[in-house]
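S.K.: One predicted model, sequence on top.
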Amino acid sequence: MSKRTQQTARETKQEAKDGNKAKNGLFASCSFSSLGLDPKLSDQLQERMGFEAPTHVQAQSIPFILSGRDVLVNAATGTGKTIAYLAPIIHHLNASSPKVDRSHGTFALVIVPTRELCLQVYETLEKLLHRFHWIVPGYVMGGEKKAKEKARLRKGISILIATPGRLLDHLKNTASFVHKNLRWVIFDEADCILEMGYGKETEQIIKLLGSRQHEEGDEEDEDDDIVVTKGAAQKQTLLLSATLNEKVNRLAKLSLDDPVMIGLDNSKLLQQKLPPIESPASPDSDEDDEMVIHVNKSANPSSEDYGIPSQLVQKYVKVPCGARLVALLSVLKNLFEREASQKVVVFFSTRDAVDFHHSLLSEFQWPPKSETQQEEEEATTTKQLFLKCKTFRLHGSMEQEDRRSAFANFKAERQALLLSTDVAARGLDFPKVRCIVQYDCPGEATEYVHRVGRTARIGEKGEALLFLQPVEIDYLKDLKKHGATLAEYPLLKVLDKFPLLGNMPRVKKVISLESHPWVISLQRGLEFFTYADPKMKNLAKNAFVSWVRGYAAHKGELKSIFVVKKLHLGHVAKSFALKEQPSLVGKSHHKETMKRKRDERHKGQHPKKRKKMSGNRSTTKT
Ligand SMILES: Nc1ncnc2c1ncn2[C@@H]1O[C@H](COP(=O)(O)OP(=O)(O)OP(=O)(O)O)[C@@H](O)[C@H]1O
């Protein structure tokens, strides 16, 4: 056996060991039925959905949720929070008397920040309800036809998944939306709902749905009211998130009543297998104080502080701005050549950047072809694409149907690349994603955690790569404060592996990354490709302008790390395959942004209501 094969075998063995360790730490040593769930439902989870045992989060939350208590769950990404809240609701609805019927309207409302997450929770719900056909699932969300949604609401939806804006619209304007029997309100990805600027909508929703006490009073008088078993007769609110912040604290104060807090000190819970901790209420504290969530800000934080899966391999790629694009393409090529059958997600800060890189990666051929060769190939349809995998894109300006199909297709593929804004950062569960590349830096550390959380889910292995320019390297310190430690990715070693074109000499010692022969020839090829098509060049220019504006939009402490003035704009232009910094693009870009906003408003979205940020930085957009 060669040295290299031996090393690969050792690495595979170690990865398998790490994977098993992660899985052992994730699952509880009990069954779903021992948590008090109905046998038919436990059977559905085990036999039909293939979940052998509950995860720790599920084992800790399900009994409390079944008992009717308000619960706040803070647990790592990909630990099964969706089932943790859906299963107890189905259990109670199954046991309700009289039997749940469409005419009773909505019993449970799940509020989620994005349309994709809405569809995903709905799909999970449909699977869970396979043997409970009288409990009707449904969803309402931005981008869908309101009239159709109204018709579905009129017929009756027992468990409704919704995005906040559209839900508020129906609460105000759809008279046939029956919610007087509402017993559960769930905020999934609670912090994201607030960060995306849905704070006002959320407060209004809470007001419109009424208080717990009001519901209790109503129950005895109204003939139509359904008693959904003893424990859950009152309205119960659940908040779930992998990261917490002061905004969630506010939402908790507004909506939770004497909550049980699960996972706030996850590491202790998992290591000592203790029962869940309840919020310690000091005897002389007033009611408001009891509701405060104490976000863990210990001096020596561990990765559990922000819920990073322990088996995730985290690396950073240090690369100067002018070589960023070449580095990205090389990293991706290396990933897919190393393991052909895998899925990768790349995060960008703006929608324009997603569009540009998507067009580039879907068309760019390597080695570059002369015009005659290209014509011949077009005739024979044998394109030599640089990346031999399907490439999808996802962002908030896409038509709803395109968003839906990109989401569904990427989910279904075995080997594919998804280029996305932060619209895919929260809650989305794409099976078998092996690597997350953060080509543009996330904002706060919470964003980092959610992005990397799209891999290494439910104990699976995963890798995360963060691109940083040398001037941005202090960002690592910020991540470290939150328990994320990253090792350096061996970029030069990877670049050295690629074969050089024609008679390009291989230099023994490369002084700088930009003078690496592979970098030089690939950059030339990319620029040639971009300039050959005016549409492509325009996409590059727009992406350049948005990117610079987005860069200027970093907030708080991060402003001192991501400083626009430190950027060499000529090098930024190179990272969009432009030979020089575009001039006078600001004006036309502004026009386009205004047009896009107008279009969005016509489509029924409310960009104005979202938190404002210049430069189309995607963190606030769906
Ligand atoms: N007990 C279980 N055993 C095996 N797989 C499970 C179990 N519970 C849930 N899963 C699967 O684990 C994956 C992650 O679940 P889910 O999306 O609910 O995680 P999450 O904690 O909400 O993540 P995020 O914080 O990113 O939203 C899903 O594919 C789900 O089907």
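M.R.: Looks like it arrived, so ask away. Numbers count the residues shown, from 1 in each chain.
S.K.: residues touching the closest residue to Ala108 other than its chain neighbours, list them.
M.R.: Counting by C-beta to C-beta, 6 or more residues apart in numbering, Ala108 lies nearest to Trp184, which is 3.9 Å off, once chain neighbours are set aside. All C-beta atoms are positioned from the backbone trio N, CA, C, and that covers glycine. By C-beta atoms under 8 Å, 6 or more residues apart in numbering, the contact set of Trp184 is 89, 107-109, 232, 235-238.
S.K.: of those, buried ones?
M.R.: For these, a burial check counting by 16 or more other C-beta atoms under 10 Å picks out 89, 107-109, 232, 235-238.
S.K.: So which of those residues reach the ligand?
M.R.: With C-beta under 6 Å from any ligand atom as the criterion, those include none near the ligand.
S.K.: Least confident of the contacts of Trp184?
M.R.: Among the contacts of Trp184, Ala232 carries the lowest pLDDT, at 39.
S.K.: got the buried residues for the helix or strand harbouring Trp518?
M.R.: Element membership for Trp518 (DSSP states H and E) is helix 517-531. Buried positions in helix 517-531, judged by neighbour count with 16+ other C-beta under 10 Å: 517-519, 521-523, 525-527, 529-530.
S.K.: Have a look at this protein and report the helix or strand with the lowest mean pLDDT.
M.R.: helix 287-290 (a mean of 32; mean pLDDT, DSSP states H and E).
S.K.: I figured Ala406 hits Phe392, correct?
M.R.: Yes. With contacts counted by C-beta atoms under 8 Å, Ala406 reaches Phe392, the gap being 4.6 Å.
S.K.: before we move on, the earlier item: now, the buried ones among the contacts of Trp184 that are in strands?
M.R.: Judged by DSSP state E, the buried ones among the contacts of Trp184 include 108-109, 236-238 as members of strands.
S.K.: and the stretch 151-300 of the chain, which residues reach the ligand?
M.R.: Checking the stretch 151-300 of the chain against the ligand by C-beta under 6 Å from any ligand atom, the hits are Ala242.
S.K.: which residues of the stretch 151-300 of the chain fall in helices?
M.R.: 164-173, 190-193, 199-209, 212-221, 246-255, 266-272, 287-290 (DSSP state H, counting those that start in this stretch).
S.K.: low pLDDT regions in the protein?
M.R.: 1-24, 211-233, 264-307, 369-382, 501-511, 583-622 (pLDDT under 70).
S.K.: So which residues on it come close to the ligand?
M.R.: Counting by C-beta under 6 Å from any ligand atom, the chain sits next to the ligand at 51, 54-55, 58, 77-83, 242, 427, 429, 453, 457-458.
S.K.: Which ones among the residues you listed lie within helices?
M.R.: Among the residues of the chain next to the ligand, DSSP state H puts 58, 81-83 in helices.
S.K.: Top of those residues by number of neighbours, please.
M.R.: Gln58 (30 neighbours; other C-beta atoms under 10 Å).
S.K.: Help me confirm that that residue comes into contact with Ile83.
M.R.: Yes. The pair Gln58 / Ile83 is scored as a contact, 5.9 Å apart, by C-beta under 8 Å.
S.K.: so which helix or strand takes in Leu465?
M.R.: Per DSSP H and E: strand 462-468 holds Leu465.
S.K.: still on that earlier bit, distance of the residue nearest to Ala108 relative to the ligand?
M.R.: 17 Å (C-beta to the nearest ligand atom, to the nearest Å).
S.K.: same deal with Phe364?
M.R.: Counting by C-beta to the nearest ligand atom - Phe364 and the ligand are separated by 32 Å.
S.K.: Could you do Pro490 as well?
M.R.: 29 Å.
S.K.: Give me the nearest residue to Phe177, chain neighbours excluded.
M.R.: Leu153 (4.5 Å).
S.K.: check contacts around that neighbour.
M.R.: So Leu153 contacts 138, 140, 160, 170, 174, 176-178 (C-beta under 8 Å, 6+ apart).
S.K.: Quick check, Gly90 in contact with Phe132.
M.R.: Wrong residue type there; residue 90 is Ile, not Gly. Yes. Using C-beta under 8 Å, Ile90 is in contact with Phe132, at 6.1 Å.
S.K.: Please enumerate the shared neighbours of those two.
M.R.: Leu41.
S.K.: neighbour count winner among these two?
M.R.: Counted by other C-beta under 10 Å, Ile90 and Phe132 do not tie: Ile90 has more neighbours, with 25 against 19.
S.K.: how close does Gly350 get to Arg324?
M.R.: You called it Gly, but residue 350 is Thr. Distance, Thr350 to Arg324, by C-beta to C-beta, to the nearest Å: 14 Å.
S.K.: scratch that, Ala577 is what I was asking about
M.R.: Counting by C-beta to C-beta, the gap from Ala577 to Arg324 is 11 Å.
S.K.: So for the two, which sits in the more crowded spot?
M.R.: The neighbour count for Ala577 versus Arg324, taken as other C-beta under 10 Å, is higher for Ala577 (27 against 20).
S.K.: what comes up buried for the helix or strand following the helix holding Trp518?
M.R.: Using DSSP H and E, the helix or strand that follows helix 517-531 in sequence is helix 534-552. Neighbour counts over helix 534-552 (16+ other C-beta under 10 Å) mark 536-537, 539-552 as buried.
S.K.: In contact with the closest residue to the ligand within the stretch 201-350 of the chain, which residues?
M.R.: Closest approach of the stretch 201-350 of the chain to the ligand (C-beta to the nearest ligand atom) occurs at Ala242, with a separation of 4.1 Å. Counting by C-beta under 8 Å, 6+ apart, Ala242 touches 74-77, 81, 306-307, 449-450, 453.
S.K.: now with 7 Å?
M.R.: 75-77, 307, 449-450, 453 (C-beta atoms under 7 Å, 6 or more residues apart in numbering).
S.K.: Tell me how far Val519 lies from Trp547.
M.R.: Distance from Val519 to Trp547, by C-beta to C-beta: 20 Å.
S.K.: repeat for Met49
M.R.: 42 Å.
S.K.: Kindly report the same for His133.
M.R.: Distance from His133 to Trp547, by C-beta to C-beta: 50 Å.
S.K.: The ones in helices among the residues of the chain next to the ligand: which two are farthest apart?
M.R.: Maximum pairwise distance among these (C-beta to C-beta): 9.7 Å, between Gln58 and Thr82.
S.K.: contacting residues for the nearest residue to Leu37 once chain neighbours are set aside?
M.R.: Distance criterion C-beta to C-beta, 6+ apart; nearest residue to Leu37, sequence neighbours excluded, is His91 at 5.2 Å. Contact partners of His91, counting by C-beta under 7 Å, 6+ apart, are 37-38, 41, 66.
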